[in-house]
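Undergrad: Here's my sequence, what's the structure:
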Amino acid sequence: MLRVIFLGTAGSIPTPERNPPAVLVNRKGELMLFDCGEGTQQQMMRAKTGMGNLTSIFVTHFHADHILGIPGLIQTMNFNGRTEPLKIYGPHWVEEFVRMMTAMGFYKLKYNIKAIELYPGDKVDRGDYYIEALKTEHSVASIGYALVEKERPGRFDRVKAVELGVPPGPLFKRLHNGEDVEVNGRIIKSSDIVGHPRPGRKVVYSGDTRPCGGIFVASNKADLLIHDGTFADDMVEWANQTQHSTAGEAASLASLANVHQLVLTHISSRYSDDTSQLLEDAKKEFENVSIATEFMEIEIPYRDD
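TA: Numbering: from 1, shown residues only. Got it, this is the predicted structure:
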């Protein structure tokens, strides 16, 4: 399972319909937050995601709308009896942020919080997947993130294995894991039974940024790109000044990067009543695009191409 849940989709100013930025990823039961705007813990309650399996928070930058939910979430998990450690990743100043936050007068925390500073190109290795920090272009130190699953073994041809005399059981697993095996004095090669490695899944989250090379390169053939789409295209000059992206700019990047699906988020409050212009601008460049809404969920299947 790889599921993305949008808990907060607003720009800098929240609206009655949109909370400050927060994106939750559920990968096989492990929860990861990407940004954590004010009220995120309540959004998690409303979405019934739980909090106990939250292992990490990945902060893109330290503007208030992306981080003010962290203290409340930490306190809520503490009151709920959490004992497992929590890791908070982010760009320059993340260690200072965590140090100041934990000195704010919390009740005594029952769990440890570890801050890890990341720079573009750094990877957080999680075994069969990793999180890579990406260079972005915003008005303060910032990074985006790519969740990248490592290649999976190719398809196992059970019929052929049996035809070659391999008995079902442990030898099947060894062959599928890339090992050659011996059966009745004959070597059976894994490559004869197992197809080419299949790609894992990839999710890219830009955070607040202008369209940039770091996001473009990481987004190549991504299953899902979640990109800053703060403004409609007629606001491109203001997007440049504030270091955000227009819907059309984000969609153009998605098209050039051959992504499978694009979701625009960080929506300016000026579009609180109507996001149709954003969608219209984006669809001129890329068809498979949607505007993020609160509690929207996307299940990302494996693609074996």
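Undergrad: Show the contacting residues for residue 304.
TA: Residue 304 is in contact with 155, 198-199, counting by C-beta atoms under 8 Å, 6 or more residues apart in numbering. All C-beta spots, glycine's among them, are computed from the backbone N, C-alpha and C.
Undergrad: From the residues you listed, list the buried ones, please.
TA: Among the contacts of residue 304, those classed as buried by 16 or more other C-beta atoms under 10 Å are residue 199.
Undergrad: quick one, what contacts the closest residue to residue 2 other than its chain neighbours?
TA: Spatially, and ignoring its direct neighbours in sequence, residue 2 is nearest to residue 300 (4.4 Å; C-beta to C-beta, 6 or more residues apart in numbering). When contacts are counted by C-beta under 8 Å, 6+ apart, residue 300 touches 2-4, 201, 203, 223-224.
Undergrad: Identify those among the residues you listed that sit within strands.
TA: 2-4, 203, 224 (DSSP state E).
Undergrad: Out of these, which is nearest to residue 166?
TA: Nearest to residue 166 out of the ones in strands among the contacts of residue 300 is residue 2 (C-beta to C-beta; 31.8 Å).
Undergrad: Return the set of residues that bridge with the closest one.
TA: Going by DSSP bridges, residue 2 is paired in beta bridges with residue 27.
Undergrad: Next, count neighbours for it.
TA: Neighbourhood size, residue 2 [other C-beta atoms under 10 Å]: 21.
Undergrad: That one against residue 29, yeah?
TA: No. Judged on C-beta atoms under 8 Å, residue 2 makes no contact with residue 29 at a distance of 10.9 Å.
Undergrad: Local confidence estimate at the residue nearest to residue 2?
TA: pLDDT recorded at residue 300 is 98.
Undergrad: gap between it and residue 100?
TA: Separation of residue 300 from residue 100 (C-beta to C-beta, to the nearest Å): 36 Å.
Undergrad: so how far is residue 160 from the nearest residue in space to residue 80 that is not next to it in sequence?
TA: By the measure of C-beta to C-beta, 6+ apart, the closest residue to residue 80 outside its immediate chain neighbours is residue 51, 6.7 Å from it. Plainly put, residue 51 is 47 Å away from residue 160 if you go by C-beta to C-beta.
Undergrad: All the strands of the stretch 1-150 of the chain, in order from the start?
TA: 2-8, 22-27, 30-34, 54-58, 86-90, 113-117, 123-125, 129-135, 143-149 (DSSP state E, counting those that start in this stretch).
Undergrad: that older thread, quick check: phi and psi at the residue nearest to residue 80.
TA: Here is the backbone geometry of residue 51 (degrees, to the nearest 10): phi -130, psi -20.
Undergrad: what sits against it?
TA: For residue 51, the contacting residues are 31, 41, 44, 73, 76-77, 80, 82, by C-beta under 8 Å, 6+ apart.
Undergrad: ok, those vs residue 212, which is closest?
TA: Of all those, residue 212 sits closest to residue 31, with 28.0 Å by C-beta to C-beta.
Undergrad: how many other residues sit next to the residue nearest to that closest one when sequence neighbours are not counted?
TA: The shortest distance from residue 31 to any non-neighbouring residue, by C-beta to C-beta, 6+ apart, is to residue 54 (4.3 Å). The tally of other residues near residue 54 (other C-beta under 10 Å) stands at 21.
Undergrad: Wait, residue 54 touches residue 29, no?
TA: No. Counting by C-beta under 8 Å, residue 54 sits too far from residue 29 to count as a contact (11.0 Å).
Undergrad: okay, the contacts of residue 304 in TSV with pLDDT next?
TA: Below are these laid out as TSV (pLDDT from 0 to 100):
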residue	pLDDT
155	86
198	89
199	91
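Undergrad: can I get the contacts of residue 304 in CSV with distance to residue 110?
TA: Below are those laid out as CSV (distance: C-beta to C-beta, whole Å):
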residue, distance to residue 110
155, 46
198, 42
199, 40
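Undergrad: distance of the residue nearest to residue 31 from residue 102?
TA: In terms of C-beta to C-beta, residue 54 sits 17 Å off from residue 102.
Undergrad: Next: residue 1.
TA: 32 Å.
Undergrad: Who has more neighbours out of those two?
TA: Using other C-beta under 10 Å, the more surrounded residue of residue 1 and residue 102 is residue 102, with 15 against 10.
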